[in-house]
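Asker: Sharing a model prediction with you, sequence too.
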Amino acid sequence: MIFGGGLGVLWALAVVVLPGQGPQPFIPVNLALIYAFAPGGLVLALMIGAMATRRFFADDILDGNPPLAGSRADIDQRVLRNTVEQLVLALCLWPFAAMQLGAVTLITLGVSFAIARLLFWAGYHIAPPMRALGFAASFYPTIFAAIWCLWRLAT
């Protein structure tokens, strides 16, 4: 978990710092927000669809009952819940990042988030400790972007 989390922190730094190093094309903030949130929204839709499909084939959860602890459906439910939590956090902080760090960084945050959430989902199914990379790579970019924005405002 430490290795995966550390790799996720490096990923986060790259996602937040590198896009701002090159030329910045003009992309309106509202358009950048759409492009940033669409990948995460698509991954969320995939997760909701996967959970809904599982319910059709499992009598114990068909009626909305919680999945058995440790089952594949339970893992999907946990991943879905954590993804919603992180998307709500992104909804609160990414507009601030768009204004301070630019559209390219914001769109990079969105694409990176979607990839990291898929890694989180796959890692969780392989072995719970393997979810660390996907978690860190989707959570820390949002946090680092917010800290960087606050730093820029303060200095």
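Answerer: Ah, there it is.
Asker: List the buried residues for the longest helix belonging to the chain?
Answerer: Criterion DSSP state H: the longest helix present in the chain is helix 72-101. For helix 72-101, the buried set under the neighbour-count rule, 16 or more other Cβ atoms under 10 Å, comprises 73, 75-80, 82-83, 86-87, 90, 93-95, 97-98, 100-101. Every C-beta, even on glycine, is put in place using the N, C-alpha and C of the backbone.
Asker: any idea how far the residue of the chain most remote from its centre is from Leu68?
Answerer: Relative to the centre of the chain, and counting by Cα atoms, centre = their mean, the farthest-placed residue is Asp59 at 30.8 Å. As judged by Cβ to Cβ, to the nearest Å, Asp59 and Leu68 stand 12 Å apart.
Asker: What of Leu80?
Answerer: From Leu80 across to Leu68, the span is 16 Å (Cβ to Cβ).
Asker: cool, and Trp151?
Answerer: Taking Cβ to Cβ, one finds Trp151 at 46 Å from Leu68.
Asker: ditto for Ser138
Answerer: Taking Cβ to Cβ, one finds Ser138 at 26 Å from Leu68.
Asker: need the helices for this protein, in chain order.
Answerer: With DSSP H as the criterion, the chain has helices at 2-17, 29-56, 59-62, 72-101, 103-126, 132-154.
Asker: Can you say which of the ones you listed is nearest to Pro23?
Answerer: helix 103-126 (8.8 Å; Cβ to Cβ).
Asker: one step back: comparing Ser138 and Leu68, which residue is more hemmed in?
Answerer: Between Ser138 and Leu68, counted using other Cβ atoms under 10 Å, Ser138 has the larger neighbour count: 31 against 12.
Asker: From Val43, how far off is the more buried one?
Answerer: Taking Cβ to Cβ, one finds Ser138 at 10 Å from Val43.
Asker: Please apply the same query to Gly5.
Answerer: Counting by Cβ to Cβ, the gap from Gly5 to Val43 is 21 Å.
Asker: what do you get for Tyr140?
Answerer: Distance from Tyr140 to Val43, by Cβ to Cβ: 17 Å.
Asker: In contact with Gly41: list those residues for me.
Answerer: By Cβ atoms under 8 Å, 6 or more residues apart in numbering, the contact list for Gly41 reads Leu87.
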